[in-house]
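[1] Take a look and give me a structure for this.
(one chain, ligands or ions: 1)
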Amino acid sequence: MQPRDLSAHVAYQAGRGIEEVARDLGVDPATLTKLASNENPHGPSPAAIEAIQETAPGISSYPKAAHADLTAAIADRWDCDPAQVWLANGGDGALDYLARATLEPGDTVLVPDPGFAYYGMSARFHHGDVSTYGLSRPEFRLDAETVLADYDGERVVYLTSPHNPTGGTFSLGSIETIAAETDEETLVVVDEAYGEYAETESARSLLDERDDVAILRTFSKAYGLAGVRLGYALVPEEWSDAYARVNTPFAASELACRAGLAALEDDEHVETSVETARWAREYMRDELDAPVWESEGNFVLVDVSEARGPESGASVADESQRAGVIVRDCTSFGLPGCVRVTCGTEAETREAVEVLNEVLAR
Ligand SMILES: *Cc1c(COP(=O)(O)O)cnc(C)c1O
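    The predicted structure is shown next:
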């Protein structure tokens, strides 16, 4: 027998890992700098490492208290009801919960192009169909007109702010307009995976005013916990009962919840992470010998097409990797002339600029 028809499904293409690249190139992983997956170059908070070590002997038990404690701490931070916090296995897990809570088979969702691949993947897993709104070059402007021009009554509309891979943001006003102009039964998901790095305001305030907006957050980026898989959605007050019906039991693990609790307390780690990213994105915009979009995230999108040709993203990424710096070819985002570079530490960022400028000059 075969699985169901998966021809419309596409495999997620993650940024390449250090071990994987080192093996391919036959070099020591320690000589490589990975700036391909928007991970935190400062690593996790030391408090989170300690919490995981302390938790390790107890992992034969299912996570219950830790889940409740973290939910309460997040609710406190956002000043909302704990029932509005839907903890999940990464932000991706929270996207799945939102799809489970909204989609009937055949419902359609509206996703950005270029954009984050998992929105469409998650919708398809939940028997939904996918339409796109196109961000137009060269600015990739994120505004209400762009989204509403392609809106046709979809059940869910995804907004990414800051946007991956462009780094742009939606203003709070434009999100409010989109929520107001779309149908009552359309949920607007504001993905703030990079929210900590942004200067633009969070859409949190809309949760008090509307029942059709949800916000996505993750511990994978500014909190440096990508490896434990922890994220959450903040949902409308009216949705409190739905979580117990859609969540995968214990998907947010004991280790993840304990690490998350510790990381949440470590403001200094987040501040350092955000400061470094803000410096690095400006530095790359100033110093790279190619057009770089303005970014409010911990990465920049670089147009390498003028220097190396319209579909040179793959070769630039490949050559840069050979020179020791792994960046993300954006072909899978539909941008074959671009690479995305994560903000590293100061030293890593300077190295990335040096290597990329050398590659761009070839
Ligand atoms: C990284 C990211 C997420 C969430 O990633 P998780 O590791 O699953 O938490 C969500 N949306 C966007 C746009 C991202 O870049």
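[2] Counting neighbours, what do you get for the closest residue to residue 153 other than its chain neighbours?
    Spatial nearest neighbour of residue 153, excluding adjacent residues (C-beta to C-beta, 6 or more residues apart in numbering): residue 183 at 5.7 Å. For every residue, glycine as well, the C-beta is placed using N, CA and C. Other residues within reach of residue 183, judged by other C-beta atoms under 10 Å, total 12.
[3] Residue 183: what secondary structure?
    coil (DSSP: H, G, I helix; E, B strand; the rest coil).
[4] what's the distance between it and the ligand?
    Note on residue 183: its distance to the ligand, by C-beta to the nearest ligand atom, to the nearest Å, is 24 Å.
[5] How about residue 27?
    27 Å.
[6] so that residue is in which element?
    Using DSSP states H and E, residue 27 falls within no helix or strand.
[7] Likewise for residue 302?
    strand 299-303.
[8] what about stretch 262-269 and the ligand, touching?
    No. On the criterion C-beta under 6 Å from any ligand atom, stretch 262-269 is out of touch with the ligand, staying 13.1 Å away.
[9] What are the buried residues along that stretch?
    262, 263, 264, 266, 269 (16 or more other C-beta atoms under 10 Å).
[10] From these, pick the one nearest the ligand.
    residue 263 (13.1 Å; C-beta to the nearest ligand atom).
[11] Could I get the CA-only coordinates of the one helix or strand the closest one maps to as CSV?
    Residue 263 is part of helix 254-265, with elements assigned from DSSP H and E. This file holds the C-alpha atoms of helix 254-265, laid out as CSV (Å, rounded to 0.1, in the frame of the first residue of the first chain):
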residue,chain,number,x,y,z
GLU,A,254,9.8,18.8,30.2
LEU,A,255,13.3,19.8,29.1
ALA,A,256,11.9,22.4,26.8
CYS,A,257,9.5,23.8,29.4
ARG,A,258,12.2,24.1,32.1
ALA,A,259,14.7,25.6,29.6
GLY,A,260,12.0,28.0,28.5
LEU,A,261,11.2,29.1,32.1
ALA,A,262,14.8,29.8,32.8
ALA,A,263,15.4,31.6,29.5
LEU,A,264,12.4,33.8,30.0
GLU,A,265,13.9,35.1,33.2
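[12] What's the first helix or strand after it?
    Following helix 254-265 toward the C-terminus (DSSP H and E): helix 267-287.
[13] what about stretch 266-276, average pLDDT?
    Per-region confidence: stretch 266-276 scores 98 on mean pLDDT.
[14] So which residue is smack in the middle of this protein?
    residue 193 (4.3 Å; C-alpha atoms, centre = their mean).
[15] Kindly report the residues of this protein close to the ligand.
    Residues of the chain lying near the ligand (C-beta under 6 Å from any ligand atom): 90, 91, 92, 116, 160, 164, 191, 193, 218, 220, 226, 231.
[16] since we're on the fifth one, how many residues are nearby?
    Neighbour count of residue 160, defined by other C-beta under 10 Å: 25.
[17] Now it: closest residue in space, sequence neighbours ignored.
    With C-beta to C-beta, 6+ apart, the residue lying closest to residue 160 is residue 191, at 4.4 Å.
[18] and what of the first one?
    In space, residue 90 comes closest to residue 229 once its chain neighbours are excluded; the distance is 4.3 Å by C-beta to C-beta, 6+ apart.
[19] now swap in the third one and tell me
    If the residues on either side of it in the chain are set aside, residue 92 comes closest to residue 118, at 5.2 Å by C-beta to C-beta, 6+ apart.
[20] Pull the contacting residues for the one you found.
    If a contact means C-beta atoms under 8 Å, 6 or more residues apart in numbering, then residue 118 has 12, 92, 95 as its contacts.
[21] what about the first one, helix or strand, and which?
    Assigned by DSSP H and E, residue 12 belongs to neither a helix nor a strand.
[22] ok, now the last one?
    For residue 95, the host element (DSSP H and E) is helix 90-102.
[23] Which of the helices and strands in this protein ranks last by mean pLDDT?
    helix 18-25 (a mean of 90; mean pLDDT, DSSP states H and E).
[24] centre of the chain versus the next helix or strand after it, how much separation?
    Where DSSP H and E defines the elements, the next helix or strand beyond helix 18-25 is strand 33-34. Chain-centre distance of strand 33-34: 19 Å, with C-alpha atoms, centre = their mean, to the nearest Å.
[25] Stretch 99-108 too?
    With C-alpha atoms, centre = their mean, you get 22 Å for stretch 99-108.
[26] Contacts made by that stretch with the rest, please.
    109, 122-123, 125-131, 152, 154-156, 187, 235, 239, 242, 245-246.
[27] ok, of those residues, which come out buried?
    For the contacts of stretch 99-108, buried by 16+ other C-beta under 10 Å: 109, 122-123, 125-126, 128-131, 154-156, 187, 235, 239, 242, 246.
[28] Restricted to strands, list those residues.
    109, 129, 130, 131, 156, 187 (DSSP state E).
[29] Kindly reformat these as JSON lines containing pLDDT.
    Below are those laid out as JSON lines (pLDDT from 0 to 100):
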{"residue": "109", "pLDDT": "98"}
{"residue": "129", "pLDDT": "97"}
{"residue": "130", "pLDDT": "97"}
{"residue": "131", "pLDDT": "98"}
{"residue": "156", "pLDDT": "98"}
{"residue": "187", "pLDDT": "98"}
